[in-house]
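Chemist: build me a model from this:
(one chain, ligands or ions: 1)
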Amino acid sequence: MIKKKLKYQVKLNGKKIKTCVFISGSGTNLKSLINYSRNYNFPANISLVISNNVNAKGLLIAKKHGIKYKFFSPSNKKKFERACLLQLRCNKIKLLCLAGFMQILSKKFINTFGYKIINIHPSLLPKYKGLNTHKRVLRNKEKYSGCTVHYVNDNLDSGKIILKKRVYTNTNDTEETLRLKILNEEHSLYPKSIISMFK
Ligand code: GRF
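Modeler: Numbering: from 1, shown residues only. As a prediction, the model looks like this:
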């Protein structure tokens, strides 16, 4: 567990918080965050996107919206994290959102960054942490699943919960139909969570 408190607390003072999104894949949550951030009253501005996958579609979304984006190879985790920290510092990032980012950040990274890091997970945490959530939910014949936005600490999917949204399963659901139903809810839950953080 990370015992140290965050080094820096952010005061908005009427300005939007400079935010970075880490992605690895399709970037639909990134797209939704960008759309919300264009609203005058939304507290965050997406200023930087970093991917550990050179083929992530989300990089094209960043490009299309004129947002600075970077790819760093994940093959050497230390180098990857060092490169990310440098970018975060240079771009004065004060909030980091993980959105489909398939890599576990080290305790050192979390402590060095020092500002809030949040993640979206496609289950109702604390249930179904980790991978293959939809498969496990359907195997266990759960009546509902959902999605959760939470703070990131050095225990996987275990940080304090910000908001959750329930999504009902039905008997015809496949992993894919459930994934899509939940993903659709994620697109509003993530921005709502950021709004609730800065109220
Ligand atoms: C989402 O389901 C998110 O909960 C999980 O990875 C998926 C990313 O989707 N962590 P996208 O890249 O935002 O489309």
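
Chemist: can you name the residue of this structure nearest the ligand?
Modeler: Proximity of the chain to the ligand (C-beta to the nearest ligand atom) peaks at residue 100, 2.5 Å away. For the C-beta atoms, the positions are set from N, CA and C on the backbone; glycine is no exception.

Chemist: point to the residue nearest the middle of this structure.
Modeler: Of all residues in the chain, the one closest to the mean position by C-alpha atoms, centre = their mean is residue 98, 2.5 Å from it.

Chemist: tell me who's in contact with the residue nearest to that residue when sequence neighbours are not counted.
Modeler: Leaving aside its sequence neighbours, residue 98 sits nearest to residue 119 (C-beta to C-beta, 6 or more residues apart in numbering; 4.1 Å). Residues in contact with residue 119 (C-beta atoms under 8 Å, 6 or more residues apart in numbering) are 97, 98, 99, 101, 149, 150, 151, 152, 157, 159.

Chemist: got it, and residue 186?
Modeler: 28, 29, 32, 120, 122, 147, 165.

Chemist: which bits of the protein sit near the ligand?
Modeler: The chain comes close to the ligand at residues 23, 25-29, 58, 99-100, 120-122, 147, 183, 186, as judged by C-beta under 6 Å from any ligand atom.

Chemist: list the buried residues for the longest helix belonging to the chain?
Modeler: Looking across the chain with DSSP state H, the single longest helix is helix 175-197. For helix 175-197, burial by neighbour count (16 or more other C-beta atoms under 10 Å) applies to 178-179, 181-183, 185-187, 189-191, 193-194, 197.

Chemist: for it, the distance to its chain's centre please.
Modeler: On the basis of C-alpha atoms, centre = their mean, to the nearest Å, helix 175-197 sits 11 Å off its chain's mean C-alpha point.

Chemist: element containing residue 29?
Modeler: Here residue 29 sits within helix 28-37, counting by DSSP states H and E.

Chemist: now do the next helix-or-strand element following that helix: everything it contacts.
Modeler: Going down the chain from helix 28-37, the next helix or strand is strand 44-51, by DSSP H and E. With contacts defined as C-beta under 8 Å, 6+ apart, strand 44-51 is touched by 16-24, 27, 30, 33-34, 37, 58-59, 61-62, 65, 67-72, 84, 87-88, 91, 93, 95, 97, 194, 198.

Chemist: now the angle from strand 44-51 to helix 175-197?
Modeler: Relative orientation of strand 44-51 versus helix 175-197 (axes from the mean of the first three to the mean of the last three C-alpha atoms, to 10 degrees): 140 degrees.

Chemist: how about strand 44-51: buried residues?
Modeler: 44, 46, 47, 48, 49, 50, 51.

Chemist: not counting sequence-adjacent ones, nearest residue to residue 128?
Modeler: residue 136 (5.6 Å).
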